[in-house]
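> What would the 3D arrangement of this be:
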Amino acid sequence: MILETDKLYHIYNQGNNRQRIFYCRENYLYFLKKVNLYILPYADILAWCLMPNHFHLMVYVHTFVIPINDQKEEILNSVNIRNLNDSIGLLLRTYTRGINKQENRSGSLFKTHTHAECLNDLKGIKPEFLNLINEDEKDGLFSEEEYPQICFNYIHNNPIKAKLVHSPEDWEFSSYCDYSGLRKGKLINRYRANAFGLRLNSGK
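Residues are numbered from 1 along each chain as shown. Have a look, this model is predicted:
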């Protein structure tokens, strides 16, 4: 899927065969550094959550292609531009290399296909995804305007659903702590989140 500018996406992937992708706290922090390097030049991050075997990013794409000034091996085909799709692939590949070295393993760490559901256009969202984020909300269909908030809630409540913690603020590796004021994280774009009317759901 080619990501489009001025669109809001829920991007997610999980470990191949549902294996772990984070083995220790430093791995989570390492992945966030990769997100900062490979995603922020293209998109504002509105919400994120890293789980032991998968991750969620909610992003607003403001740029799809950017010029590249270095000549490192990551540059695809020696071309001096890179698009967001390529950059997501680089994020996962470079992170995988680090984990493979750490764990003395080889092969793929993530599933081949990274999902990117456009929350601005429900026609592009798969029915199984709608069922997934609907199941903890309420019965029935939602308007297009409601889905950013529903996905926002879904991402932050993932650790509770997985029974890792009792409250979302107890999970270090999500943007919930930033929105709740428990941490002054710089990864999220609060201005963009406010523009979409996104708010923490204290009732969950």
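> doesn't residue 168 make contact with residue 160?
Yes - contact criterion Cβ atoms under 8 Å: residue 160 and residue 168 qualify, at 6.2 Å. Where you see a C-beta, it was placed from the backbone N, CA and C, and this is true even at glycine.
> which one of the two has more residues nearby?
Between residue 160 and residue 168, residue 168 has the larger neighbour count (other Cβ atoms under 10 Å), namely 24 against 16.
> Quick one: residues contacting the closest residue to that one other than its chain neighbours.
Leaving aside its sequence neighbours, residue 168 sits nearest to residue 176 (Cβ to Cβ, 6 or more residues apart in numbering; 4.3 Å). Residue 176 makes contact with 49, 156, 168, 169, 200, according to Cβ atoms under 8 Å, 6 or more residues apart in numbering.
> Please, where are all the strands along the chain?
Using DSSP state E, the strands assigned to the chain run over residues 7-14, 43-51, 54-61, 65-67, 81-83, 115-118.
> could I get these as CSV with mean neighbour count, distance to residue 95 and mean pLDDT?
Formatted as CSV, the strands of the chain follow (neighbours: other Cβ atoms under 10 Å; distance: least, Cβ to Cβ, whole Å; pLDDT from 0 to 100):
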stretch, mean neighbour count, distance to residue 95, mean pLDDT
strand 7-14, 21, 11, 96
strand 43-51, 24, 11, 98
strand 54-61, 24, 10, 98
strand 65-67, 11, 20, 89
strand 81-83, 16, 17, 89
strand 115-118, 19, 17, 92
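> Out of those strands, flag the one nearest residue 94.
Closest approach to residue 94 among the strands of the chain (Cβ to Cβ): strand 81-83, 13.2 Å.
> Run through the protein and note the low-pLDDT ranges.
Residue ranges of the chain with pLDDT under 70: 69-79, 122-144, 202-204.
> residue closest to the middle of it?
residue 57 (1.6 Å; Cα atoms, centre = their mean).
> Mind listing the residues bridging to it?
Beta bridges link residue 57 to residue 11, residue 48 when assigned by DSSP bridges.
> from what I can see it touches residue 3, true?
No - look at residue 57 against residue 3 with Cβ under 8 Å: they stay out of range, at 11.5 Å.
> Can you show me the helices along this structure?
Here the chain has its helices, by DSSP state H, at 25-38, 84-103, 127-134, 147-156, 158-161, 176-179, 190-195.
> by contact count, what packs against the fifth one?
If you count contacts as 3 or more Cβ pairs under 8 Å, 6 or more residues apart in numbering; DSSP states H and E, helix 158-161 packs onto strand 43-51.
> Could you give the separation of the strand it packs on from the chain centroid?
Relative to its chain's centre, strand 43-51 lies at 4 Å (Cα atoms, centre = their mean, to the nearest Å).
> If anything else comes up later, I'll come back, but that's it for now.
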